[in-house]
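A.B. asks: Got a sequence here, can you model it:
(2 chains)
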Amino acid sequence: MAKHFISDIVEADLAEGKHARIQTRFPPEPNGYLHIGHAKSICLNFGLAEQYGGACNLRFDDTNPTKEEDEYVQAIKRDVAWLGFDWQEREYYASDYFEQLYEWAERLVEKGKAFVCDLTAEQVREHRGSLTEPGRESPYRDRSVAENLDLLRRMRAGEFPDGARTLRAKIDMASGNLNLRDPVMYRILHARHHRTGDAWSIYPMYDWAHGQSDSIERITHSICTLEFEDHRPLYDWFVAELGIFPPRQIEFARLNISHTVMSKRKLLRLVEEGHVSGWDDPRLPTIAGLRRRGYPPAAIRDFCDRIGVTKQESTVEFALLEHCVREELNRVALRRMAVLDPLKVTLVDWPEGKSEELEAVNNPEDPSAGTRTVRFGRELWIERDDFLEDPPKKFFRLAPGREVRLRWGYVVRCDEVVKNAAGEVIELRCTHDAATRGGGTPDGRKVKGTIHWVNAADAVDAEVRLYDHLFDREDPEAVEAGADFLSALNPASLEVRTGCKLEPALAAATPGERVQFERIGYFVADETDHAPGRPVFNRTATLRDTWARVQRQQGAE
RNA sequence: UGGGGCGUCGCCAAGCGGUAAGGCACGAGACUUUGGAUCUCGCAUUCGGAGGUUCGAAUCCUCCCGCCCCAACCA
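C.D. replies: Next up is the predicted model:
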């Protein structure tokens, strides 16, 4: 795992003997699905624990029953496990600590450090002051301990309606740090909680629950994102007033990636307004989406390792993520042949009804992946892009009178181009060189081009989904004045192809299986729609395409 | 105009007073039965700016500039 300022801190703490072992935690709120930004935090927290011989807890920060659901905790658990991390029996919930939190709240009231406030939400806001002006103290700030205790107990007992009162910490209304201006600890909420049901009518604010939850779990290094830096003095204040175990909070910059959005609010909107098919839409940066897109967990972990951990706000190029995916898949994905846009080839010198079995390598990067047999016959499908009637310079594929090698098959020459009434090419009539079986050229001649193909007699039809960036620009927020990020949606982010031709081995793929379609890209059998009788593949990433670059250069000249 | 944080190559990111790592991207070449992969080579005389300290500064000091976060009974 990479070295960074947080691992430096951990190493120093361990070296000084400040801790015998470290304890971290990943604390999601179960109000949405996890995305790759969370993966950065998961890899960091679980990674540090693993690297330094500590442990990492999975704790759900479920303090707001109006937004949280069990569906989300299930999805989060599945995603963390899929990423390759194990929290063992350490699955905790902030709601498990509600009783302890409440006891501590009474203790602060008794110490005169918290009070029940009757101000409305709007009045609290008015009293808070502004960024440049100090706030004003609540008129209820000096209630007696006895009255505060009585009111707090009645709040808990459910005697008051939602929003009628709050419990507030008594700190400093003049602080330059707004978080210290008598922050709310409890609000009245008659809402059913996904775990505690109707047991509570008051719920702790995140700021009141988080630090204490860390303390209860004896978290040595409480790692969070930059926006909580201002909250640290408050967390430290609570812990000091309570005299409980003090976790050390360390903040790092959250992950941003180009061409996509990462905020839960925006993701929720894309899902709810139907701009994508759901939380697991393969175009989304959600863990579920990346999984369905075919991204291997190892690639995501590698990515999180490479981007580093700093306090610098940054946006990582999508290309780096894609590089990690390709690197992993290149190593492990079996090669298969599939034709996405079929053009018929007939070998006129090949006997009708005759077929041969050829041996094809499964993965040139991994000899242990072995070989498979592919059937070759008189009629074949090739990629329409692999033929050009009037080829430009540097085009190495098929053209009238030209030779090309059919991968693992024979070298063939195009003798005749058949067109329909509209003038479109509908078939190529070719001859093969019998001496080139398997693709070799015994006479030593160079055949520059090699193209993929599928035998028409046993090709399997399939649906293939081609994905591209969900947004058409690096920064989806960089839109015309008055427009929002939805106007940056890429209309071509999904292209569904049907009637694609697959070699038979692909029809047997299991959902979630990742393969390389030779010369095209990496694909995955869709985890929910793919079935033996109805193959459906999603494009994970294209292969690097040097020809496309050459074309761009030629076009630019 | 209050508080907090950050400014090193197109994008990430090392560097912690001794004279700018690495990755991605990009470009050139080699090799190739995937125009894939792989391999070589190139890519910041300069570290937001200006002063200063020092034999020596991205690293220390001063001032300035820019960007981000904070005024939910959200997290």
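A.B. asks: any idea how far residue A:426 is from residue A:418?
C.D. replies: Remark: distance between residue A:426 and residue A:418 (CB to CB, to the nearest Å) = 6 Å. From N, CA and C alone the C-beta is placed, and that goes for glycine too.
A.B. asks: ugh, wrong one, residue A:544
C.D. replies: 33 Å.
A.B. asks: now residue A:499
C.D. replies: For residue A:499, the distance to residue A:418 under the criterion CB to CB works out to 19 Å.
A.B. asks: Wait, residue A:110 touches residue A:152, no?
C.D. replies: No - look at residue A:110 against residue A:152 with CB atoms under 8 Å: they stay out of range, at 10.4 Å.
A.B. asks: Which of the two has more residues huddled nearby?
C.D. replies: When neighbours are counted by other CB atoms under 10 Å, residue A:110 and residue A:152 differ, and residue A:152 comes out ahead with 22 against 13.
A.B. asks: helix/strand/coil for the residue of the stretch 151-300 of chain A found nearest RNA strand B?
C.D. replies: Of the stretch 151-300 of chain A, the residue with the smallest distance to RNA strand B, taken as CB to the nearest atom of the strand, is residue A:176 at 2.7 Å. Three-state call for residue A:176 (DSSP: H, G, I helix; E, B strand; the rest coil): coil.
A.B. asks: Also residue A:416?
C.D. replies: Note that with three-state DSSP, the state of residue A:416 is strand.
A.B. asks: so how many other residues sit close to it?
C.D. replies: When counting by other CB under 10 Å, one arrives at 13 neighbours for residue A:416.
A.B. asks: Against residue A:400, how distant is it?
C.D. replies: Where residue A:400 is concerned, residue A:416 sits at a distance of 8 Å (CB to CB).
A.B. asks: can you check residue A:130 too?
C.D. replies: Here the criterion is CB to CB. By it, residue A:130 lies 76 Å from residue A:400.
A.B. asks: With neighbour numbers in mind, choose between those two.
C.D. replies: In this comparison of residue A:130 against residue A:400, neighbours counted by other CB under 10 Å, the higher total goes to residue A:400 at 15 against 8.
A.B. asks: I figured that one was touching residue A:417, is that so?
C.D. replies: Yes - between residue A:400 and residue A:417 there is a contact at 5.9 Å, judged by CB under 8 Å.
A.B. asks: can you list residues touching both of these two?
C.D. replies: Residues touching both residue A:400 and residue A:417 (CB atoms under 8 Å, 6 or more residues apart in numbering) are residue A:389.
A.B. asks: ok, now which ones touch the residue in the stretch 251-400 of chain A that RNA strand B sits nearest to?
C.D. replies: At 3.0 Å from RNA strand B, residue A:308 is the closest residue in the stretch 251-400 of chain A, using CB to the nearest atom of the strand. Contact analysis of residue A:308 by CB under 8 Å, 6+ apart lists A:2, A:4.
A.B. asks: RNA strand B contacts on the stretch 351-500 of chain A?
C.D. replies: For the stretch 351-500 of chain A, the residues in contact with RNA strand B under the definition CB under 7 Å from any atom of the strand are A:363-365, A:394-397, A:405, A:407-408, A:438-440, A:449-451.
A.B. asks: Can you name the residues of the stretch 201-350 of chain A that neighbour RNA strand B?
C.D. replies: For the stretch 201-350 of chain A, the residues in contact with RNA strand B (CB under 7 Å from any atom of the strand) are A:203, A:205-207, A:210, A:226-231, A:253, A:258, A:306-317, A:319-320, A:323, A:326-327, A:330, A:335.
A.B. asks: again, only this time at 6 Å
C.D. replies: Neighbours of RNA strand B within the stretch 201-350 of chain A, by CB under 6 Å from any atom of the strand: A:205-206, A:226-227, A:229-230, A:306-308, A:310-317, A:319-320, A:323, A:330, A:335.
A.B. asks: Among the residues you listed, name the ones in helices.
C.D. replies: With DSSP state H as the criterion, helices contain A:206, A:306, A:319-320, A:323, A:330 from among those.
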